[in-house]
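J.: what shape does this take:
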Amino acid sequence: QHDVGADDAPQGLFDLVHARLVLIHVPQREVALERMVGSLRPRGWLLIEDFDPAMQPLACVDVVGLEQRLENKVRAGVRALLAQRGADLELGRRLPRLLRAAGLVEVAADAFMPLALTAGSELEKANVNQVRDGLIAGGHVTAEEVDAHVQAVGARRLDVTTAPLISAWGRRP
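T.: Modelled structure (predicted):
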């Protein structure tokens, strides 16, 4: 077990360090990033992949009815819960700058944002079910709205997208 925000990392041992969907949730994300860079050997690569929910906040970009509006209402509630819990909803877009600031070279990044994938529907159901109580307790949606949304997603009546997944990489000189 290793807490990237609190635990020291071995220094200069790795040719590749990869973190996916981690730093967005780590309150000490800058410290964790420094430790990851420090664990690289010279010429080693760091690859960080995280969502940027603020870049594209909608779950449904083709809103044609009530189910799509509810889909976006639920996503807004999930984003609010993430922010309350300390997630950095704009981390993805800052990754290239953060990697350069950490001393990495050959920094580059790309983004991936599916508009309608079966896996996106499964991820949406899992995420909404995981935070169901918080969504309801926070007044973001009602229990009936959560049930209706999960049912619509499960029935594949909605095209669910995710926030852009930003992949950023750089090499230690």
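J.: which residue packs closest to the residue in the chain sticking out farthest from the centre, ignoring adjacent ones?
T.: Distance from the C-alpha centroid of the chain peaks at Pro42, with 28.6 Å (Cα atoms, centre = their mean). The shortest distance from Pro42 to any non-neighbouring residue, by Cβ to Cβ, 6 or more residues apart in numbering, is to Arg172 (5.9 Å). C-beta coordinates here come from the backbone N, C-alpha and C atoms, glycine included.
J.: need phi/psi at that neighbour.
T.: Dihedral pair for Arg172: phi -80, psi 130, per degrees, to the nearest 10.
J.: and the host helix or strand of the residue farthest from the centre of the chain, what's buried?
T.: Assigned by DSSP states H and E, Pro42 falls within strand 40-51. Of all the residues in strand 40-51, those buried under the rule 16 or more other Cβ atoms under 10 Å are Leu40, Gly44, Trp45, Leu46, Ile48, Glu49, Asp50, Phe51.
J.: format these as a markdown table; extra columns: pLDDT and distance to Ala109.
T.: Supplementary listing: the buried residues of strand 40-51 in a markdown table, determined by pLDDT from 0 to 100; distance: Cβ to Cβ, whole Å:
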| residue | pLDDT | distance to Ala109 |
| --- | --- | --- |
| Leu40 | 97 | 18 |
| Gly44 | 98 | 18 |
| Trp45 | 98 | 13 |
| Leu46 | 98 | 12 |
| Ile48 | 98 | 9 |
| Glu49 | 98 | 10 |
| Asp50 | 96 | 11 |
| Phe51 | 93 | 13 |
